[in-house]
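In: here is a sequence together with a model predicted from it:
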Amino acid sequence: MTNPQTVVLEAHNLVKRYGSVTAINGAEFELRAGEVLAVIGDNGAGKSSLIKALSGALVPDSGEIRMDGAPVRFKTTLDARHHGIETVYQDLAVIPALDIASNVFLGRELRKKGFMGTVLRQLDKPRMRTESMQHLSDLKIGIKSATQTVETLSGGQRQGVAVVRSAAFGKRVIIMDEPTAALGVKESGMVMDLIRQIRERGLPVILISHDMPHVFDVADRIHVHRLGKRAGVVDPKVRSMAEVVALMTGAMEPTEEERNGGA
Amino acid sequence: MTTSTTQISPAPPRSRRDWTWVARQPLVGPLAALILAVIVFSIGSPRFLSPYNLSLIGQQSIVIGILAVAQTIVILTAGIDLSIGAIAVLGTIVMAKTVPQVGGVGALLIALVVCVAIGAVNGSLVSFLRLPPFIVTLGTFTAVAAASQLYAGSATYPVTSPLLTFFGQDFGIGAWRTTLGVGVLILVYAVCFYVLHQTAGGQHVYAVGGNPTAARFTGIKINRTLLMVYIMTGVIAMVAAWAALGRIPNADPNAYQTANLDTITAVVIGGTSLFGGRGSVVGTLIGTLIVGVLRNGLTLIGVDNLYQNIATGALVILAVAFDQIARRRTQ
């Protein structure tokens, strides 16, 4: 087991300006090994810009991002993925007409060995199916066959497929950007279970969510984002939901320790 | 430590009497329509099921059938190609006019370059400039059709080159004979089926049409996929042009005027969604055969050509209505 205090991904003094608008204003960020870190903030607080910087979707003007203490630069989302950072998006990023295995391996398809694979570029569908089923059962998702097309699945199951894709290839960090925004209550609960399963496998998760009960249900620590920077990191076991909302809107000030990144 | 399994509820059990799931399989509708048409016409005309007539239906389907494969792939990306028939016609004229100087192989190569270049223009405008495919290909359709007329000087060109008319040769056993063009039609379907379902590029076609945002997030190069699709329509248009000279060894700038819309008809009747990401070339083959059987059968039982057009038009609207209703059900 890794030391829970080990920092996997961190960012210091990030700044991003769009003309006169400052989206990230000297933000700090710290993700520890094996934890679920919730990132919350009011609309326009700049949390999605921060997450985009961490997933390579935007390049900050200044500041630095470190993985395992070493500085990294993400120019594209592919750079972040090469470092083992995978992102799950809110809008069910799956292809309806393709089957589960094809969705899990989308953009990273496996080809057959030998002539069929190298010359005729044939996909190794049996292997993609077996490995998909393995990943699905790793996360305890009870789908019977990976040959089902994704359009036959419910919203929660589709998000499950997207989570499996990230968990299968995300070797270091999984970022979930409002993964339950498009889902009903029961299906959201399913995604929360998946987040716990990923944590059990030792992968840290960054969860961006508006849903306070979800955040308190699953997060180990809560990063509160306000006015383009980190207002503080709080412990959900110490702070109540009302207090966290007050911190988010600025109605309440964080303690000195919380301001400096929490315990 | 939780050990709970995330329960994925199984599909609701089907009752024995509930057969609606059969109707929801994408190819069932088109296949049923084809079988129905065959039954009706074989009752209506004793000649319909004769080997000669079946071969004729195949031969009449060659050009539209080949072009419809390319149209299917374009439509799977949520695009449309209104220029594909015009590209093929230009291909026939290029072949016919260049063959006296450069020979058969040279003529085929020049036609291939011309067709691929037009496809690449379509593809570049659609992918890199993000222009709507409908407008882009409407523009190239107009320009290419005019270019064919200018290049042909409003004349037609009989073709005698054995290579260019190669696909007009017949083969078969006994009374069951047909032309090599039908073989080419089947080959084009087989190759495109393989590419769509057995290669990563084919899967990316479905991804780009089905959910472009998701496709981009997973690292698929959308522009490259679109460009390749339109370049491939150029290649297929050249094959269709070659097969067309086998069917009728005469390059005519006024031929295949309705080919663009006929391919869309075949694709839509075959169950491919105009919204992209949903459908298959198998459906299009069935769609092509439905149109072929309908036109041939109605002719055999003595129905006027114009009534055939009305029947085909009604079928298209019916097919789109089915697609729309199916989409609303799944959403």
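Out: That came in fine, so what should we check first? Small disclaimer: the values here were computed from a predicted structure and weren't measured.
In: next one: residue 114, what pLDDT does it get?
Out: Here I'm looking at chain A. Per-residue confidence (pLDDT) for residue A:114: 87.
In: oops, I was thinking of chain B
Out: On pLDDT, residue B:114 comes in at 98.
In: OK, contacts around it?
Out: Taking CB atoms under 8 Å, 6 or more residues apart in numbering or on different chains as the contact definition, residue B:114 lies against B:90, B:91, B:94. Any C-beta I mention is one placed from the backbone N, CA and C, and that applies to glycine too.
In: the residue nearest to residue B:119 when sequence neighbours are not counted and residue A:99: what is the separation?
Out: Residue nearest to residue B:119 in three dimensions, not counting chain neighbours: residue B:234, with 2.6 Å by CB to CB, 6 or more residues apart in numbering or on different chains. Noted for residue B:234: a distance of 30 Å to residue A:99, by CB to CB, to the nearest Å.
In: contacting residues around residue A:123?
Out: With contacts defined as CB under 8 Å, 6+ apart, the neighbours of residue A:123 are A:109, A:110, A:111, A:112, B:198, B:199, B:200, B:203.
In: quick check: the farthest pair among these?
Out: In the contacts of residue A:123, two members sit farther apart than any others by CB to CB. They are A:112 and B:203, at 14.4 Å.
In: so the two - more neighbours on which side?
Out: Neighbours of residue A:112 and residue B:203, each counted by other CB atoms under 10 Å in any protein chain shown, are more numerous for residue B:203; the result is 26 against 17.
In: in what helix or strand does that one lie?
Out: In this assignment (DSSP states H and E), residue B:203 forms part of helix B:200-210.
In: that helix and chain A in contact?
Out: Yes: part of helix B:200-210 sits near chain A under the criterion CB under 8 Å from any CB of the partner chain, namely B:200, B:201, B:203, B:204, B:206, B:207, B:210.
In: Serialize the residues you listed to CSV and add fields for pLDDT.
Out: Formatted as CSV, these follow (pLDDT from 0 to 100):
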residue, pLDDT
B:200, 94
B:201, 93
B:203, 94
B:204, 95
B:206, 95
B:207, 95
B:210, 91
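In: looking at the residues you listed, spot the one nearest residue A:26.
Out: Nearest to residue A:26 among the residues of helix B:200-210 next to chain A: residue B:207, at 38.4 Å, using CB to CB.
In: in the stretch 151-263 of chain A, which residue sits closest to chain B?
Out: The minimum distance from the stretch 151-263 of chain A to chain B, using CB to the nearest CB, falls at residue A:193 (4.7 Å).
In: between the residues of helix B:200-210 next to chain A, which has the most around it?
Out: Neighbour counts for the residues of helix B:200-210 next to chain A were taken using other CB under 10 Å; the highest belongs to residue B:207, which has 30 neighbours.
In: and the helices in chain A?
Out: Taking DSSP state H as the criterion, chain A contains helices spanning A:47-55, A:77-82, A:100-104, A:114-118, A:125-138, A:155-169, A:185-200, A:212-218, A:241-249, A:256-259.
In: for those, which one sits closest to residue B:187?
Out: Ranking those by distance to residue B:187, with CB to CB as the measure, places helix A:114-118 first at 18.5 Å.
In: what's next to the closest one, contact-wise?
Out: The contact list for helix A:114-118 (CB under 8 Å, 6+ apart) reads A:111, A:122, A:124.
In: with stretch A:255-263 instead?
Out: A:28, A:30, A:221, A:230, A:231, A:232, A:233, A:234, A:235.
In: list the buried residues for that stretch?
Out: Buried residues in stretch A:255-263, counted by 16 or more other CB atoms under 10 Å in any protein chain shown: A:258, A:261, A:262.
In: just want the angle from the helix ranked longest in chain B to helix B:200-210.
Out: Of all the elements of type helix in chain B, the one with the most residues (DSSP H) is helix B:84-127. Computed by axes from the mean of the first three to the mean of the last three CA atoms, to 10 degrees, the angle separating helix B:84-127 from helix B:200-210 equals 80 degrees.
In: show the subsequent helix or strand relative to helix B:84-127.
Out: Scanning the chain past helix B:84-127 towards its C-terminal end, the next helix or strand to appear is helix B:133-152 (assignment: DSSP H and E).
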